[in-house]
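# Model the following, please.
(2 chains)
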Protein chains: 2
Amino acid sequence: MTTLTGNNFIAGETSQLGTTTFTSVNPRTKQPGTVEFHNATAEEIHNAVAAAAEAFAQTRTYSAARLADFLDKAAEEIMALGDELLQTADMETGLGLPRLTGERGRTTGQLQSYAQILREGSYVEAIIDTAQPDRQPAPRPDIRRMRFPIGPVAVFSASNFPFAFAVAGGDTASAWAAGNPVIVKGHPGHPATSELFALAINRAIAATGFPAGWFSLLQGATVEVGQLLIQHPLLEAVGFTGSLRGGRAIYDTAAQRKRPIPVYAEMGSINPVLIMPNAVTARAETLAEGLAASATLGAGQYCTNPGIVFMLDSAETQNFIIAYRDKMAARPAGVLLNEQIESGLEHAVAATQARSTVHTLTGGFVVDGDAFSFANTVMKTSGADFAADAALQIEHFGPVTLFVVAASPDELTTALQALHGNLTATIHAEASELDSAKPYFDLLREKVGRLLWNGYPTGVEVVYAQMHGGPYPATTAPATTSVGFTGIQRFMRPVAFQNLPDQLLPEALRNANPLHIWRIINGVNSKDAIQ
Amino acid sequence: MTTLTGNNFIAGETSQLGTTTFTSVNPRTKQPGTVEFHNATAEEIHNAVAAAAEAFAQTRTYSAARLADFLDKAAEEIMALGDELLQTADMETGLGLPRLTGERGRTTGQLQSYAQILREGSYVEAIIDTAQPDRQPAPRPDIRRMRFPIGPVAVFSASNFPFAFAVAGGDTASAWAAGNPVIVKGHPGHPATSELFALAINRAIAATGFPAGWFSLLQGATVEVGQLLIQHPLLEAVGFTGSLRGGRAIYDTAAQRKRPIPVYAEMGSINPVLIMPNAVTARAETLAEGLAASATLGAGQYCTNPGIVFMLDSAETQNFIIAYRDKMAARPAGVLLNEQIESGLEHAVAATQARSTVHTLTGGFVVDGDAFSFANTVMKTSGADFAADAALQIEHFGPVTLFVVAASPDELTTALQALHGNLTATIHAEASELDSAKPYFDLLREKVGRLLWNGYPTGVEVVYAQMHGGPYPATTAPATTSVGFTGIQRFMRPVAFQNLPDQLLPEALRNANPLHIWRIINGVNSKDAIQ
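Numbers count the residues shown, from 1 in each chain, chains lettered A, B, ... in the order given. Predicted coordinates:
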């Protein structure tokens, strides 16, 4: 077993300058862990960012192949942590070994996939417009552009994905893949897990000869650690996954800097599901089962958890809701990540229940016992009431479903129009009702980053086309994704070169195309060399 | 001649609800024009944005071909304004007919180029990952994504490009090309020019059957008009070209909204030029001439004006500076756009001159006379002094050059490292000194959006590869460009579809690829249909 230090990890060295500490808490027993983790100090935060800036002076010119080698090595070292990683994370999050084993695969797979993207090389988005020396009235210069890394990136870990959206999760992987050093603010819910990741990453850094400032881990259970990090003048961008409140605070701080920096915050989402009438008629049982499984997955602690279900009123709809309620009531209540999640969920559900327009069908209470837990909860309101009350769009981060039942297609449309930005929306419909579903599809497309058909939003594939984002308040940067291979673009910036000699151009832009990448040359996709 | 109304143009109708007015001023005579232009009121601003949102309900599903037809028609109607447009703009800006004729061609050419981009179709960036039904442990869904328009966009006109960065300039053209209605806040320096553009645009709207809310023009000489516009809840994004102060105020207001929206502000830039020793030796005369021509183009009122020149100290360098000073002193002082530009320039130059480290070699004063004008100005400081004093990076928006002379390569490096973000940087060097220039090239690449070799930064080609942007304070969105065909991406947002039936997919994502566009299918660029 690894002996944990409870220290911060600043550019390869452990650091313990602060005097305030915190521990993780086992959510199954509410018992604190034995290791005291040190809140990072202002000096440690500065040291981490300064070291990152120093590292960037080297890594900014690393080849894609070299960056890829690091990503592969990091994945290897994470796997080498073995069962200890899974057990530590399970003790800190209560997510269970099967889920954590899967999440580990997703996390290392993501690092390896980025490595493949780098080796393929086209991710730099090379665009070339060749000179036209004879153009009138003036010659056209040769202009070539590609994306470059931006510099030190801060990543704020999420609580609910201790691997995939945490120390070496998607934000970190994509920032690294772009060529940027990363300073991680670890989530205080799983500091031991974070420390194990830091050990693995530092081994990968040593093995690949990367500069030590390529990675730092700041532990912290206070708001100040994050605020000081965002305010550091050498920081260039922020990745965040968490609550609307936390994300907005970070966004505001970054926007108020003397030199503002972008914040890619993935925040709250209630992930509307629309069930069309024929779908209810055709497959009520499988739909209720599938939806309940999705809504309770990981005790509902998914940013893509289907929190709100829209239906047109009918006898079938009312029967469906009763069947769904029974399924939710019969499923055992899951373990929540920590006390903050439990109390936050309790308050959010209570606020919704306090509306006179909302009826609770099951659940709605904290489950007494050793563990942090909340009863699987089903509530119901009308389309008109939903449309009239923005407070009903509060996120219930847990196993909670709010049905919105509309008396007419018009009421349904009004309710859907009232929706704020979300990560996903889902439509369940039969082939027979494509025409009637089309207007709702068009409407929901304005509201989300990803639109699913006859599926469940939990589960976000790591592929090229993925779009894990969406209009505010789902994110602070609706045109970007935090999952999938275009996520790397958040941490790069295009630079154009005008009439640069070929030997000074980066390889990706040279006439001969030595990297054999896809480039847009005078408007046409091509792998050809330029004669 | 057109009879100007002085009204706002709200969704095709003239509107004059306000009681406060302003006039333009002829910068050659300092005489006010005869038409009173009405500052837009809160009600008019609301009407414009609401009409844009209403128009978007239609235009969001317009085909690229239909959008292209509008852009072509708008270009045609702008040309149909004939000489009156040129003469009106000349009277309001003093830029001269030859320059304005060229700028008109750039503006209509930009609209037409976007139309071509739309007809080609690949700009939606279609990405498709096909399903893997047999994948273990779970099937992989089909995920396809493309970019869509975002909704009403506000564009703030610049003073210095009354056509190309104004009512129907690059921001408007790219927002329209993306499929978004635009509300233009006209620049108070050229309201008559703006009104002529509004007339032409409304003719194009009528001819192509677009909804009236597709375009509105708000006139305004007050800060309030812009602030109210940005705060409107239905607005989705802002394009701005102008001063750092103005752009930052807009950015701050947008960031403080309940629902923040992106601001693409192109702001201040001093556009460093580095002249390497061999270049001075080899071609001092042509360099001094070319640089002086670039620095005084349009009376220096270019955002890409080369405002600061870095050189290593030597006898040749000192001779070069003297020769350059003489050329600048010999060139006639140009006409400045308006009183605000003249007084702003006077204050900025005075602030620089007030530093004990700066020597004025020529100019530095307002030129008395009928016109707004400022003497061509050359100043000089040392590399060490520049590096130590951030105040020396103030933008002098006009015909002003500050030489920064470094005693050693180290001092030069330190001075360049101190540079803030800029739109451009330029290196003049001989083929013999590529190796010695390389470190400076690497360094400057971090600071700018475009890096030129042996050229002059004024003149920004409208091509695919263009990058007219750069780190703050050059822009508020360093990863985006306001010139060139990727500028359209600022006003679009990707949406992914999971397992959507082919008949519900937008044409760009359908299996058959009916638009014959480039798509990335399972990681490979292709125009193929999906079997």
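# send the alpha carbons of stretch A:361-377 over as PDB?
Provided in PDB are the C-alpha atoms of stretch A:361-377 (Å, rounded to 0.1, in the frame of the first residue of the first chain):
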ATOM      1  CA  LEU A 361     -45.200  10.900  -5.800                       C
ATOM      2  CA  THR A 362     -42.400   9.100  -3.900                       C
ATOM      3  CA  GLY A 363     -39.300   9.900  -1.900                       C
ATOM      4  CA  GLY A 364     -38.300  13.500  -1.100                       C
ATOM      5  CA  PHE A 365     -36.300  12.800   2.000                       C
ATOM      6  CA  VAL A 366     -32.800  11.900   3.300                       C
ATOM      7  CA  VAL A 367     -32.500   8.300   4.100                       C
ATOM      8  CA  ASP A 368     -31.500   7.700   7.700                       C
ATOM      9  CA  GLY A 369     -28.600   5.400   8.300                       C
ATOM     10  CA  ASP A 370     -24.800   5.000   8.200                       C
ATOM     11  CA  ALA A 371     -24.500   6.300   4.700                       C
ATOM     12  CA  PHE A 372     -25.200   9.600   2.900                       C
ATOM     13  CA  SER A 373     -28.300   8.800   1.000                       C
ATOM     14  CA  PHE A 374     -31.500  10.300  -0.400                       C
ATOM     15  CA  ALA A 375     -34.600   8.400  -1.400                       C
ATOM     16  CA  ASN A 376     -35.300   7.900  -5.000                       C
ATOM     17  CA  THR A 377     -37.800  10.700  -5.700                       C
END
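# Show me what the longest helix anywhere in chain A is packed up against.
Across chain A, the longest stretch assigned as helix under DSSP state H is helix A:97-120. In terms of contacts (3 or more C-beta pairs under 8 Å, 6 or more residues apart in numbering or on different chains; DSSP states H and E), helix A:97-120 is packed against helix A:64-80, helix A:82-93, helix A:170-178. Any C-beta I mention is one placed from the backbone N, CA and C, and that applies to glycine too.
# If we go by neighbour counts, what in whichever helix or strand comes after that helix is buried?
Note on helix A:97-120: by DSSP states H and E, the next helix or strand toward the C-terminus is strand A:126-129. Within strand A:126-129, the residues that count as buried by 16 or more other C-beta atoms under 10 Å in any protein chain shown are A:126-129.
# so where do the strands sit in the stretch 401-531 of chain A?
Secondary structure of the stretch 401-531 of chain A (DSSP state E, counting those that start in this stretch): strands at A:424-428, A:450-453, A:492-498, A:519-521, A:524-526.
# can you tell if stretch A:293-305 touches chain B?
No - using C-beta under 8 Å from any C-beta of the partner chain, we find that stretch A:293-305 stays clear of chain B, coming within 11.1 Å at best.
# Now the terminal residues of that stretch, how far apart.
Terminal residues of stretch A:293-305 are spaced 10 Å apart (C-alpha to C-alpha, to the nearest Å).
# For chain A, which segments are assigned as helices?
Under DSSP H, chain A gives helices at A:42-59, A:64-80, A:82-93, A:97-120, A:170-178, A:191-208, A:223-231, A:244-255, A:277-296, A:315-330, A:339-353, A:383-388, A:409-417, A:434-445.
# from memory residue A:489 sits against residue A:480, does it?
Yes - the pair residue A:489 / residue A:480 is scored as a contact, 7.0 Å apart, by C-beta atoms under 8 Å.
# In terms of neighbours, single out the busier of the two.
Counted by other C-beta atoms under 10 Å in any protein chain shown, residue A:489 and residue A:480 do not tie: residue A:480 has more neighbours, with 23 against 18.
# Near the nearest residue to that one once chain neighbours are set aside, how many other residues are there?
In space, and not counting its chain neighbours, residue A:480 is closest to residue A:490: 5.0 Å by C-beta to C-beta, 6 or more residues apart in numbering or on different chains. The burial count assigned to residue A:490 is 24, neighbours taken as other C-beta under 10 Å.
# tell me the angle the longest helix of chain A makes with helix A:170-178.
20 degrees (axes from the mean of the first three to the mean of the last three C-alpha atoms, to 10 degrees).
# Any buried residues in helix A:97-120, and which?
Within helix A:97-120, the residues scored as buried using 16+ other C-beta under 10 Å are A:99-100, A:102-104, A:106-108, A:110-115, A:117-118, A:120.
# Quick one: mean pLDDT over it.
Helix A:97-120 shows a mean pLDDT of 97.
# which residues touch it?
A:64-65, A:67-69, A:71-72, A:74-75, A:78-79, A:85-87, A:89-90, A:93, A:95, A:123, A:161-164, A:168-170, A:173-174, A:176-177, A:298, A:462, A:485, A:488, A:517, B:137, B:523 (C-beta atoms under 8 Å, 6 or more residues apart in numbering or on different chains).
# repeat that for 6 Å
A:64, A:67-68, A:71-72, A:74-75, A:78-79, A:86, A:89-90, A:123, A:163-164, A:173, A:177, A:462, A:485 (C-beta atoms under 6 Å, 6 or more residues apart in numbering or on different chains).
# Kindly identify which of the residues you listed also come near chain B.
Subset of those in contact with chain B: empty, counting by C-beta under 6 Å from any C-beta of the partner chain.
# Would you tell me which residues of the stretch 351-500 of chain A are close to chain B?
Proximity of the stretch 351-500 of chain A to chain B (C-beta under 6 Å from any C-beta) is limited to residues A:445, A:450-453, A:455, A:461, A:463-465, A:467, A:472, A:478-479, A:493-500.
# go again using 7 Å as the cut-off
Selection of the stretch 351-500 of chain A residues close to chain B by C-beta under 7 Å from any C-beta of the partner chain yields A:434, A:438, A:441, A:445, A:448-455, A:461, A:463-467, A:472, A:476, A:478-479, A:493-500.
# what about burial for the residues you listed, which qualify?
Using 16+ other C-beta under 10 Å, the buried ones in these are A:441, A:445, A:448-455, A:461, A:463-467, A:472, A:476, A:478-479, A:493-498, A:500.
# Got the domain ranges for chain A?
Following automatic domain parsing, chain A resolves into domains at A:9-22+A:32-267+A:478-489, A:272-453, A:494-526.
# Identify, out of the ones you listed, the most deeply packed stretch.
A comparison of the domains of chain A by mean neighbour count, using mean count of other C-beta atoms under 10 Å in any protein chain shown, puts domain A:9-22+A:32-267+A:478-489 on top with a mean of 22.
# and that domain, how far out from the chain's middle?
Relative to its chain's centre, domain A:9-22+A:32-267+A:478-489 lies at 12 Å (C-alpha atoms, centre = their mean, to the nearest Å).
# Can you pull the phi/psi pair for residue A:130?
Torsion angles at residue A:130 (phi, psi; degrees, to the nearest 10) stand at phi -80, psi 160.
# so who does the residue lying closest to it once chain neighbours are set aside touch?
Closest residue in space to residue A:130, ignoring its immediate chain neighbours: residue A:142 at 5.6 Å, by C-beta to C-beta, 6+ apart. Neighbour list for residue A:142: A:130-131, A:498-499 [criterion: C-beta atoms under 7 Å, 6 or more residues apart in numbering or on different chains].
# Equivalent analysis for residue A:16, please.
A:7-8, A:38.
# Can you pull the residues of the stretch 151-300 of chain A lying near chain B?
Going by C-beta under 7 Å from any C-beta, the residues of the stretch 151-300 of chain A near chain B are A:251, A:255, A:259-260.
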